[in-house]
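> next come a sequence and a model predicted from it.
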Amino acid sequence: MKNSIVWATFTASSLLLAAGLLLPSQASNNRVKIAQQPNCKSPQTTLDMNVCSTQEFKAADTKLNQLYQQLLPKINTKQKQRLVTAQRTWVKFRDETCDYEAGKFEGGTLAAPTYGYCKARVTKERIKDLEGYLEQASL
C-alpha cells in the first residue's frame, strides 16, 4: 500500500471533520455546530478513530521533536551527523512499518486510523530511545 494513499485518506478524514465544524447547523438561528471531542479511550466510529489517532500522533511527534532539539546541542559534530542520518532512516522505517500494518485494511475505512495509531506507537518507542540518548549526553 502506498504511503500517499493512506496519508491522503487520513488527511481527507481530518479535513472533513474540520469542515463539519465550520458548517452552520440546521437550527433557525444558524449557530455553528460544535462537535464534541471523541472519547479517545474508546473511540466508537471511524471518524473518532481518525481524530484520536491524529491527536495521539501529533502529541508524540511534538515530544519527539522537542527531545531531538534538546539533544543536538549536547553532542559533538560527528554524533550530530550520525543522529541526523539515524533519524532520517528511522522516519523511513516508521512510515514503511505503518504502511505494512495498515495494509491489512487496504481499501477499507480502518486503514487510515491503523496507520495513524501505528505512527503514534512507533514514535513513542523512538521517544524512549532519544530520552536515553539525552540522559547519556547529559552525564
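Great, that's in hand. Residues are numbered from 1 along each chain as shown.

> so where is the protein shaky, pLDDT-wise?
Scanning the chain for pLDDT under 70 picks out the ranges 1-35.

> and the residue nearest the centre of it, what element?
By C-alpha atoms, centre = their mean, the chain has its centre lying nearest to F57, at 2.6 Å. With elements taken from DSSP states H and E, the one containing F57 is helix 46-71.

> circling back: and the closest residue to the residue nearest to the centre of the chain other than its chain neighbours, what is it in contact with?
Residue nearest to F57 in three dimensions, not counting chain neighbours: A120, with 4.2 Å by C-beta to C-beta, 6 or more residues apart in numbering. C-beta here means a position set from N, CA and C on the backbone, and glycine is covered the same way. Contact analysis of A120 by C-beta atoms under 8 Å, 6 or more residues apart in numbering lists 53, 56-57, 59-60.

> other SSEs contacting the strand or helix carrying K78?
Counting by DSSP H and E, the element that carries K78 is helix 77-103. Under the contact criterion of 3 or more C-beta pairs under 8 Å, 6 or more residues apart in numbering; DSSP states H and E, helix 77-103 touches helix 3-22, helix 46-71, helix 111-137.

> CSV for those, including distance to Q36?
Listed next are those as CSV, based on distance: least, C-beta to C-beta, whole Å:
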stretch, distance to Q36
helix 3-22, 11
helix 46-71, 10
helix 111-137, 18
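
> surely the residue nearest to the centre of the chain and K119 touch.
Yes - with contacts counted by C-beta atoms under 8 Å, F57 reaches K119, the gap being 4.7 Å.

> run the chain-centre distance for the helix holding F57.
5 Å (C-alpha atoms, centre = their mean, to the nearest Å).

> same deal with stretch 110-119?
For stretch 110-119, the distance to the chain centre is 9 Å (C-alpha atoms, centre = their mean).

> which parts of that stretch are buried?
111-119 (16 or more other C-beta atoms under 10 Å).

> put the alpha carbons of it into CSV.
Taking Å, rounded to 0.1, in the frame of the first residue of the first chain, the C-alpha atoms of stretch 110-119 are listed here in CSV:
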residue,chain,number,x,y,z
LEU,A,110,-9.7,1.1,9.1
ALA,A,111,-6.6,1.7,7.0
ALA,A,112,-6.2,5.4,8.0
PRO,A,113,-6.7,5.1,11.8
THR,A,114,-4.5,2.0,11.8
TYR,A,115,-1.8,4.0,10.0
GLY,A,116,-2.2,6.9,12.5
TYR,A,117,-2.1,4.7,15.6
CYS,A,118,0.9,2.9,14.3
LYS,A,119,2.8,6.2,13.7
